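> Starting from these lines, generate the structure:
(chains A and B)
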Amino acid sequence: MSKRDCLVANDWICGEYVRSRSQELIDATVEHVAITASSVAIGVAVALPLALLARRWRFLAAPILGVTTVLYSIPSLAMFSLLLPFFGLSASLVVTGLVLYSLTILVRNILAGLQAVPDEAREAAKGMGYGPLRLLWEVELPLALPALLAGVRITTVSTVALTTVGAIVDYGGLGTLILDGLDTQFKAQVLTASALCVALAIAADLLLLALQRLLTPWTRAHRIRPGRFARKAGAANSVAKVAEPV
Amino acid sequence: MAGAATAVVALTAGLTACGGDSLEDDKGSDGGGKGKVVVGSARFTEQKVLAELYAGVLRDAGYDASVKTVQNREVYEPELKKGSIDVAPEYAATLTEFLNLKKNGADAKPVASSDLDATYGQLTKLADGRGLKALPAGEAVDQNAFAVTEDYAEEHKLKTLSDLGKSGEKVRIAAGDECETRPFCAPGLKKKYGIDVSGIDPKGVGTTQSKQAVKNGTDQLVLTTTTDATLKNFGLVILEDDKKLQNADNILPVVNEKSAGDKKIAAALAKVTKTLTTDDLIELNRKVDAEREKEADVAKEYLESKGLIKK
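Sure thing, here's the model as predicted:
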């Protein structure tokens, strides 16, 4: 009985809680990561063509940005309830909601990144005989990568937080535990699940930061040794700047 | 640079694949054979425990039963109708009114009452129209109840609400604002029991503050529920609703007629319905909310102790 004491006393920090519910905590964390990862991945896959459309046809830019922003302003509880009739109680319901939320940041960032590709780089590639697809793939996207990844980082952190709302349909990862804990005033559960949620967000952000550095070594080289790489990084430099204010 | 882009694409694809697979959830529900059965519940202890009890007996009967906990009835009832949830523990009068309002609009005349048989009759009719089947209700009931301190009850020799009416004591009720107008609360207490209600202290239904107020003597009567497990901690006792003011919120299983209309399912669920008492439910709630045991463990322990499932 003494082992259960901190559970009965309802302490904020309770080792016995972590021990007795380790499986639940692991399951919830795995679900949380899976929902967040698939939402962001699908979000990027949807945002990229939207950004390309908005760039190709200027008249589409305003409606695309407008609609994604309006989507962003829908309260999450309402969003999930609105999607319920279409998806039923499923993880795809939560993922769809999160994808819709991710679009506004992702589309804007990708578009900003693409627009910041210097005309010279584009012209040079065309001059070398690059077709539009190869131009996009080998010149524009890599140059837009810092802005794109900055968007992915913001989106990921906000998605980790928003995933918790999925608890209303039983697919909220750690959010399910947080909400349950709040309802029954289970302090250890609320604190443990919340702390895990924050840790997830930080870990994801650091991971993406590492990925960003790995994929765009030129921006980093430029920052560390401004003199030597100045000319080489000239093109990328302007793109990196776009990423900062977002 | 092409390498970098390829890496991003590969990663994206990887994430999609990993997410897609593990999230794919198979909720085929063929209630015809011994298949999967999803028991739905809202997010509060008692209904979750009940859902685990149902899942327990269904598993014992050979079904692959799982529990799905969602926000509230507004979320799970449509799923129950569709059949993506097959079974749900319900409260007779509350569900009757829920379906009544859904069918007849917000101004519908109440059809649930304190008479369980009449309420069940209405419920069966309303449920039928939605492809649902309400199975018979049991003795366990979670309905509104009024409690006083043990000392107060002893001093005025109170066992029932009628006793309180006869005592002529002035009482202030710790409850929600709405107690002023709801027929089951202040108006009903005055009319049916002749209780002299001097005022309402809007501290909420069954909240800690409300119970504390009665314990301190600020208020005399607290509105709570029959399955409130914390009453003892405050030294409170429930006065019996001897003239049946409260609606018959007896607990019963509701199933989707198509996906879980099977007789074997009904028989398994009936075992819980017939065995469970209000006191059992209080104890189960207490184990979860006070001792922080898991709903599933508490339910399993109970079913085993009553011999409803094989150990």
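> C-alpha from now on. contacts and neighbour counts both.
OK.
> now the strands: where do they sit in the stretch 151-300 of chain B?
Remark: strands assigned in the stretch 151-300 of chain B by DSSP state E, counting those that start in this stretch are B:170-175, B:196-202, B:221-225, B:236-239, B:251-256.
> Checking B:L308 next. Helix, strand or coil?
What DSSP: H, G, I helix; E, B strand; the rest coil gives for B:L308 is coil.
> give me the number of residues near the residue nearest to A:G15 when sequence neighbours are not counted?
Take A:G15 and drop its neighbours on the chain: the residue closest to it by CA to CA, 6 or more residues apart in numbering or on different chains is A:C6, 7.9 Å away. Using other CA atoms under 10 Å in any protein chain shown, A:C6 has 18 other residues around it.
> is it true that A:C6 touches A:E16?
Yes: A:C6 is in contact with A:E16 according to CA atoms under 8 Å; the separation is 7.1 Å.
> got any residues that touch both of these two?
Counting by CA atoms under 8 Å, 6 or more residues apart in numbering or on different chains, A:C6 and A:E16 have no common neighbour.
> Next, the contact list for the nearest residue to B:G261 once chain neighbours are set aside, please.
Excluding the flanking residues, the one nearest B:G261 by CA to CA, 6+ apart is B:V255, at 6.6 Å. Going by CA under 8 Å, 6+ apart, B:V255 touches B:80, B:86-88, B:132-135, B:261.
> From B:E97, how far out is B:V255?
17 Å (CA to CA, to the nearest Å).
> what's the answer for A:G166, then?
From A:G166 over to B:E97 the distance is 28 Å, taken as CA to CA.
> Just the pLDDT for the residue most central in space within chain A.
Taking CA atoms, centre = their mean, the centroid of chain A lies closest to A:T156, which sits 2.2 Å from it. Here the pLDDT value assigned to A:T156 is 97.
> does it count as helix, strand or coil?
helix.
> Once you drop chain neighbours, what's closest to it?
Using CA to CA, 6+ apart, the closest residue to A:T156 is A:V40 (6.3 Å).
> Helix or strand: which one has the residue nearest to A:G15?
Applying DSSP states H and E as the criterion places A:C6 in helix A:5-8.
> if we can go back for a sec, the residue nearest to A:T156: neighbouring residues, count only.
29.
> The residue nearest to the spatial centre of chain B: what secondary structure?
When CA atoms, centre = their mean is applied to chain B, the residue found nearest the centroid is B:Q47 (4.7 Å). Put simply, B:Q47 is helix when judged by three-state DSSP.
> Now do the same contact list for residue 43.
I went with chain A, as the question did not name one. By CA under 8 Å, 6+ apart, the neighbours of A:G43 are A:99-100, A:102-103, A:106.
> look at chain B instead
A:180, A:183, B:69-72.
> Try it again at 10 Å.
A:167-168, A:170, A:176, A:179-180, A:183-184, B:68-73 (CA atoms under 10 Å, 6 or more residues apart in numbering or on different chains).
> Closest one to B:D242 out of the residues you listed, please.
B:R73 (29.6 Å; CA to CA).
> Torsion angles phi and psi at B:E90?
The phi and psi values for B:E90, taken as degrees, to the nearest 10, are phi -140, psi 170.
> Return the per-residue confidence for it.
96.
> Is it correct that it is in contact with B:V39?
No: the criterion here is CA atoms under 10 Å, and B:E90 misses it with B:V39 at 11.3 Å.
> Between those two, which contacts overlap?
With CA under 10 Å, 6+ apart, B:E90 and B:V39 have common neighbours B:50-51, B:253-255.
> I'd like the residues you listed as a markdown table, with distance to B:E154 appended.
Shown next, in a markdown table, are the shared contacts of B:E90 and B:V39 (distance: CA to CA, whole Å):
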| residue | distance to B:E154 |
| --- | --- |
| B:L50 | 34 |
| B:A51 | 38 |
| B:P253 | 38 |
| B:V254 | 41 |
| B:V255 | 44 |
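> Which single one of those is nearest to chain A?
B:A51 (14.3 Å; CA to the nearest CA).
> what separates the residue nearest to B:G261 from B:L132, distance-wise?
6 Å.
> Overlap in contacts, the two.
With CA under 10 Å, 6+ apart as the test, B:V255 and B:L132 both reach B:80-81, B:83, B:86-87, B:261.
> would TSV of these with secondary structure and pLDDT be doable?
TSV is the format used below for the shared contacts of B:V255 and B:L132 (DSSP: H, G, I helix; E, B strand; the rest coil; pLDDT from 0 to 100):
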residue	secondary structure	pLDDT
B:L80	helix	94
B:K81	helix	93
B:G83	coil	90
B:D86	coil	96
B:V87	strand	96
B:G261	coil	91
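> Now do the same for residue 34: helix, strand or coil?
No chain specified, so I'll use chain A. Strictly by three-state DSSP, A:A34 counts as helix.
> Sorry, I should have been clearer: chain B.
coil.
> re earlier: buried residues, the helix holding A:C6. List them.
By 16 or more other CA atoms under 10 Å in any protein chain shown, the buried positions in helix A:5-8 come out as A:6-8.
> buried sites along the helix or strand following it?
Going down the chain from helix A:5-8, the next helix or strand is helix A:15-20, by DSSP H and E. Neighbour counts over helix A:15-20 (16+ other CA under 10 Å) mark A:15, A:17-18 as buried.
> do stretch B:243-250 as well
Counting neighbours by 16+ other CA under 10 Å, stretch B:243-250 gives B:245-250 as buried.
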